[in-house]
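Asker: okay, sequence plus prediction incoming.
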Amino acid sequence: MKLEITEEKQNIFLKRKEYMIFISHENEATPSKQRLLDELSKFLNVEKEKIDIKYIMSKKGISQSIAKVWVKE
């Protein structure tokens with residue numbers, strides 16, 4: 001699984017960073033929230049407790065997904 005940040009916003013009022021993550025998962029099913037949480041923790045170098053995955057949307061017919069993620073500061 002490969003992760004890439006496509007959008008990053010700093011939300012000062014709610015004290016968090018908001019990310020749009022592009023996920024490439026060749027020859028695999030759409031990753032579960034738990035698996036994505038583990039990978040994001042390593043990728044962003046942040047504790048799992050600070051990560052909130054809002055959704056994972058798979059693109060139809062190809063092994064790519066998009067996830068909306070919030071990280072508390």
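Answerer: Cool, got the structure.
Asker: what separation is there between the residue nearest to Val69 when sequence neighbours are not counted and Ala29?
Answerer: Nearest non-adjacent residue to Val69, counting by C-beta to C-beta, 6 or more residues apart in numbering: Tyr19, 4.6 Å away. Placement of C-beta: from N, CA and C, glycine included. Using C-beta to C-beta, to the nearest Å, one obtains 22 Å as the distance from Tyr19 to Ala29.
Asker: neighbour-wise, which of these two wins?
Answerer: Under the criterion of other C-beta atoms under 10 Å, the comparison of Tyr19 against Ala29 puts Tyr19 first, with 20 against 9.
Asker: which is the next helix or strand following the helix or strand encompassing that one?
Answerer: With elements taken from DSSP states H and E, the one containing Tyr19 is strand 16-24. Secondary structure here is assigned by DSSP H and E; on that basis, the next helix or strand after strand 16-24 toward the C-terminus is helix 33-44.
Asker: contacting residues around that next one?
Answerer: Among residues not part of helix 33-44, those counted as contacts by C-beta atoms under 8 Å, 6 or more residues apart in numbering are 1, 3, 19, 21, 23, 31, 46-48, 51, 53, 56, 67, 69, 71.
Asker: okay, and which of those residues map to strands?
Answerer: 3, 19, 21, 23, 51, 53, 56, 67, 69, 71 (DSSP state E).
Asker: from those residues, pick the one nearest Asn11.
Answerer: Asn11 has its nearest neighbour among these in Val71, at 10.0 Å by C-beta to C-beta.
Asker: which residues touch that closest one?
Answerer: Shown in contact with Val71 (C-beta under 8 Å, 6+ apart): 16-19, 44, 46, 50-52.
Asker: end-to-end on stretch 21-28?
Answerer: This stretch, stretch 21-28, spans 17 Å end to end (C-alpha to C-alpha, to the nearest Å).
Asker: just the buried residues of it, please?
Answerer: 21, 23, 25 (16 or more other C-beta atoms under 10 Å).
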